[in-house]
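Chemist: turn this into a model:
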Amino acid sequence: MAICKQTHIRLMVIWCGFFWCRGLSGNWGVRQQQLDIDRQALGLLPQLKGMELPRVTSELPAGELSTRTRAYTLQQIECICNTQAPNYAFSTRLAHATNVRAHELLTFRPARERPASAHRTWSKQRFLGLQGVRYTVAGKGGLVREVLVPSNLAETLEKRRYVEPAIVKDRGIKYP
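Modeler: Residues are numbered from 1 along each chain as shown. Now for the predicted structure:
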């Protein structure tokens, strides 16, 4: 239970940085409901207990979100990373650059060491025109897929790589 509580506190700290980066007045395509939820969640932090958090008003017209991307911009990612410890910042940048889920970050392997799942047909053009190093990640349902890691992030990833794969247990699930 303590791990879960720590994870939530970390997420709230990230959102604190996110609000700060917006300057509490700008808008990056976030619905009013999400802004209200984030404000309520921040109010639960012990550090902010008793503080009156200002209500941020969304500038996004109702219904517009469905026509826009929900992905973070590079500017938003950098703002979030600036509030994180270096290890978490690297993971955030890697997840953003490769479009992987949080639990998939624990399963990166060079593509030459583990092939992508053969029961799925993969487009030959999915990395066309992109530069980087191919890795595989194990995701939902055991699906192993290829991702392209930008060269600068791949270099850092290889520096942090263990000699032998480690088994990591996260939220009760073991990741090889």
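
Chemist: centre of the protein to the edge, which residue is at the far end?
Modeler: Relative to the C-alpha centroid of the chain, counting by C-alpha atoms, centre = their mean, G50 is the outermost residue, at 29.9 Å.

Chemist: can you pull out the strands in this protein?
Modeler: Applying DSSP state E to the chain gives strands spanning 109-110, 133-138, 144-149, 168-170, 173-175.

Chemist: mind putting the ones you listed in a markdown table, distance to N82 and mean pLDDT included?
Modeler: Every residue, glycine included, has its C-beta placed from N, CA and C. Output for these, formatted as a markdown table (distance: least, C-beta to C-beta, whole Å; pLDDT from 0 to 100):
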| stretch | distance to N82 | mean pLDDT |
| --- | --- | --- |
| strand 109-110 | 29 | 94 |
| strand 133-138 | 26 | 95 |
| strand 144-149 | 22 | 96 |
| strand 168-170 | 25 | 82 |
| strand 173-175 | 28 | 78 |
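
Chemist: now these as TSV including mean neighbour count?
Modeler: As requested, the strands of the chain are arranged in TSV below (neighbours: other C-beta atoms under 10 Å):
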stretch	mean neighbour count
strand 109-110	15
strand 133-138	20
strand 144-149	18
strand 168-170	12
strand 173-175	11
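
Chemist: and of these, who's closest to A116?
Modeler: Closest to A116 of the strands of the chain, according to C-beta to C-beta: strand 144-149, at 4.7 Å.

Chemist: what packs against that closest one?
Modeler: Judged by 3 or more C-beta pairs under 8 Å, 6 or more residues apart in numbering; DSSP states H and E, strand 144-149 is in contact with helix 86-98, strand 133-138.

Chemist: so which of the ones you listed is nearest L157?
Modeler: Taking C-beta to C-beta, helix 86-98 is the member of the helices and strands packed on strand 144-149 nearest to L157, at 6.9 Å.

Chemist: can you list the buried residues in the closest one?
Modeler: A89, F90, S91, T92, R93, L94, A95, H96, A97, T98 (16 or more other C-beta atoms under 10 Å).

Chemist: what sits against the second one?
Modeler: Contacts for F90 were tallied using C-beta atoms under 8 Å, 6 or more residues apart in numbering; they are L153, T156, R160.

Chemist: list buried members of these by neighbour count.
Modeler: For these, a neighbour count by 16+ other C-beta under 10 Å gives the buried set as L153.

Chemist: now pLDDT and distance to D36 too, for the contacts of F90, in TSV please.
Modeler: Converted to TSV, these look like this (pLDDT from 0 to 100; distance: C-beta to C-beta, whole Å):
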residue	pLDDT	distance to D36
L153	96	34
T156	96	37
R160	92	38
